[in-house]
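Enquirer: Mind looking at a prediction? Sequence and model below.
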Amino acid sequence: MESLEPWLLLRAVNGLSDGTLTRLVREFGSPQAVTVASMPELQNRGGISRNVATAIHHGPNPQARANAENEACRIEQQGVCVLTVLDPFYPQKLSRIADPPPLLYLSGSFAPSDDRAIAIVGARKATPTGMAFTEELSHTLATLGFTIVSGLARGIDAAAHRGALKAEGRTVAVLGCGIDTTYPPEHRKLREAIEMRGAVVSEFPLGTAPRPFNFPRRNRIISGLSYGVVVTQASRKSGSLITARFALEQNREVFAVPGSVKEGNHEGPHGLIQQGAKLVENVGDIIEELLPQLDESFQNEVKNAASGQVPAPQVLSTQEKEIFDLFTDSPISVDEVLAQARYFPAEVMGILLALELKGVVKQAPGACYIRL
């Protein structure tokens, strides 16, 4: 097994970015070769400035060196899996972005099919409607053979992971903290389920706390792993829009799910649509855009799977349609339905059950129903 200490020491050099580190290691063949290269070699062959070359020659400061050496010991003692950017198992899409993480800490495992990934991100404070739509979208994409990538956060991210897991598909979670930390902590069981059917990854050293400034940085990994990024709900200042920006910089597709103009958490997707993002009403909008980018065998797999995903039109009775028409994009309580319906409560409850069985409405927390 390759020693990680040279990687950790090189990563600890002050002023050396991930993109430059990766480029140097690829050029010279290994981190050791970079550290022993002469100043002229680093500047001419490596294409770096004299200041950066000098920093590499001096190495990390004593505290950074001690931290790197301690990190190497902890990785070995705890048996943590770490992929270097030169590792053949390192995700190929991610390796081709401008600044891939030189080291990727991993729990669970990657599969070759994870190269066929779509990211779904959005608001932490998501609406029940947004959560339901996200889970349904993720479920369908996973059924078609796509791996779902997200950030394990509350709200939309969690719904995206759960949708893939319910479809018995694959999903990848990218953390904004060390791989030995679960954030938010209440997602421990969700994380364990992801590790069974996918991977949890981080670029941060062991013990790194989930600090706010880590999350925008990790978003480039979410987009870098994927064909494209779907934003389902987000405010205008949401971190999800940072993921969308990274996607554009990485030449990935950007998709956005519209919603009510009266709800602030749809401002982000609406802004993206105004800037040219693909509007998504159903999974077909995503497939239509991505299909030409897929290799021929996967194109055929998706087409064949999609043919079985088209739901049969639901025929509603007069009573069912009357109740169904009471629903909008926002959740509606049972009491509101009962107040607006012209039927006895027992009849309304029976009609709601029928609509739920037909898959056109779904029960949400708080004795509410949402339209699908």
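Expert: Cool, the structure landed.
Enquirer: going forward, measure contacts between C-alpha atoms and count neighbours the same way
Expert: Fine.
Enquirer: neighbouring contacts of the host helix or strand of N304?
Expert: Counting by DSSP states H and E, the element that carries N304 is helix 296-307. Identification of contacts with helix 296-307 by Cα atoms under 8 Å, 6 or more residues apart in numbering yields 143-145, 291-292.
Enquirer: change it to 10 Å
Expert: Applying Cα atoms under 10 Å, 6 or more residues apart in numbering, the contact partners of helix 296-307 are 113, 116, 140-141, 143-146, 283-284, 287, 290-294, 309.
Enquirer: Now do that helix: distance to the chain's middle.
Expert: 23 Å (Cα atoms, centre = their mean, to the nearest Å).
Enquirer: Export that helix to PDB, keeping only CA atoms.
Expert: The C-alpha coordinates for helix 296-307 follow below in PDB (Å, rounded to 0.1, in the frame of the first residue of the first chain):
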ATOM      1  CA  GLU A 296     -24.300   3.800 -26.000                       C
ATOM      2  CA  SER A 297     -24.800   0.800 -23.700                       C
ATOM      3  CA  PHE A 298     -26.100   3.000 -20.900                       C
ATOM      4  CA  GLN A 299     -28.300   5.000 -23.300                       C
ATOM      5  CA  ASN A 300     -30.000   1.700 -24.100                       C
ATOM      6  CA  GLU A 301     -30.300   0.700 -20.500                       C
ATOM      7  CA  VAL A 302     -31.900   4.100 -19.600                       C
ATOM      8  CA  LYS A 303     -34.300   3.900 -22.600                       C
ATOM      9  CA  ASN A 304     -35.400   0.400 -21.700                       C
ATOM     10  CA  ALA A 305     -35.800   1.200 -18.000                       C
ATOM     11  CA  ALA A 306     -37.600   4.500 -18.800                       C
ATOM     12  CA  SER A 307     -40.100   2.600 -20.900                       C
END
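Enquirer: Which parts of it count as buried, going by neighbours?
Expert: Residues of helix 296-307 classed as buried by neighbour count (16 or more other Cα atoms under 10 Å): 298-299, 302, 305-306.
Enquirer: Can you pick out the ones from the contacts of helix 296-307 that are in helices?
Expert: 140-141, 143, 283-284, 287, 290 (DSSP state H).
Enquirer: where does the stretch 1-150 of the chain have low pLDDT?
Expert: The model of the stretch 1-150 of the chain has pLDDT under 70 over residues 1-2.
Enquirer: can you pull up the bridge partners for the residue nearest to the spatial centre of the chain?
Expert: Residue closest to the average C-alpha location in the chain (Cα atoms, centre = their mean): S150, at 2.0 Å. Beta-bridge pairing of S150 under DSSP bridges involves A173.
Enquirer: contacting residues around it?
Expert: 118-122, 156-161, 171-175, 200, 219, 221-223, 225-226, 229-230.
Enquirer: Just these: which are in helices?
Expert: Reading helices off the contacts of S150 with DSSP H, I get 156-161, 219, 221-223.
Enquirer: contacting residues for Q293?
Expert: 227, 287, 299.
Enquirer: repeat that for 7 Å
Expert: With contact set as Cα atoms under 7 Å, 6 or more residues apart in numbering, Q293 has no partners.
Enquirer: Use 35 as the first number from now on
Expert: Okay, residue one is now 35; in that scheme the one you just asked about reads as Q327.
Enquirer: Give me the distance between it and P244.
Expert: 35 Å (Cα to Cα, to the nearest Å).
Enquirer: repeat for M73
Expert: 37 Å.
Enquirer: just I131 next, same as before
Expert: From I131 over to P244 (counting by Cα to Cα), the distance is 24 Å.
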